[in-house]
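# Here's a sequence, model it:
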Amino acid sequence: MGLTRVGAGVAVAAALAGALHAQEFQPPQVAAEQSGTRIALLGFGARGGLDFTGSDQLVVGMALDLGQLFTRRLRLRPSGELGVGSGATTYVGSLEALFRFAGDDAPAIPYVGAGASVAGEERCDSTPGCPAVWLNVAIGFELPFRSTFNWLLEYHGMDALRRHRFYIGLTTRRGS
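A predicted model of the protein is given here:
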């Protein structure tokens, strides 16, 4: 008797399976993005690259997407970098504002930015003008990698364009 109930259950399930079909997954909609100034940790990234200023250093760094200024496309980005190889180890701490030409869901997000850095090196106390304050420009773009990460390609002109760095890295997509 128990086996016939199981068989009847399997037969009913098989009959219903033909009538039922899988639904397409619809991800939740992100709430409308806020305009105005919003200071919050919206993302972070890691990057590596080369300094082409004569020292030819390998540079690694981290950056934060620390919020939006006035509009969702103008972002505040503090970052820190360490340069190694070919001379003294260097460090740079920057604060920049980046303007993104496309929204966070675009297939490519080009941006430009400007800011200032405090830069120094391993033996800063014996080097004249160390630490120094530099003016910077940044030009780059993000390309989708995964649903929560983007590739980052960037040129960073530092020290009023006397130093040139190129980066590749990963950055998180902005949260809502």
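# Check which element follows the worst-scoring helix or strand of the chain on mean pLDDT along the chain.
Ranking every helix and strand in the chain by mean pLDDT, DSSP states H and E puts helix 2-19 at the bottom, with a mean of 58. Following helix 2-19 in sequence order, the next helix or strand is strand 38-51 (DSSP states H and E).
# C-alpha coordinates for that following strand, CSV please?
Extracted in CSV, the C-alpha atoms of strand 38-51 (Å, rounded to 0.1, in the frame of the first residue of the first chain):
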residue,chain,number,x,y,z
ARG,A,38,26.9,61.4,0.2
ILE,A,39,29.9,60.3,2.2
ALA,A,40,30.0,56.5,2.7
LEU,A,41,32.2,53.6,1.8
LEU,A,42,30.8,52.8,-1.6
GLY,A,43,33.6,50.5,-2.8
PHE,A,44,37.3,49.8,-2.8
GLY,A,45,40.0,48.6,-5.1
ALA,A,46,43.5,47.1,-5.4
ARG,A,47,45.8,48.0,-8.3
GLY,A,48,49.4,47.5,-9.4
GLY,A,49,51.5,49.1,-12.1
LEU,A,50,54.7,50.8,-13.1
ASP,A,51,56.2,54.2,-12.5
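# which neighbours does it have in its sheet, and in what orientation?
If you go by DSSP bridges, strand 38-51 pairs up with strand 57-69 (antiparallel), strand 163-172 (antiparallel).
# neighbours around the closest residue to residue 45 other than its chain neighbours, how many?
Spatial nearest neighbour of residue 45, excluding adjacent residues (C-beta to C-beta, 6 or more residues apart in numbering): residue 171 at 3.1 Å. (Each C-beta comes from the backbone N, C-alpha and C, glycine too.) Residue 171: 22 surrounding residues under other C-beta atoms under 10 Å.
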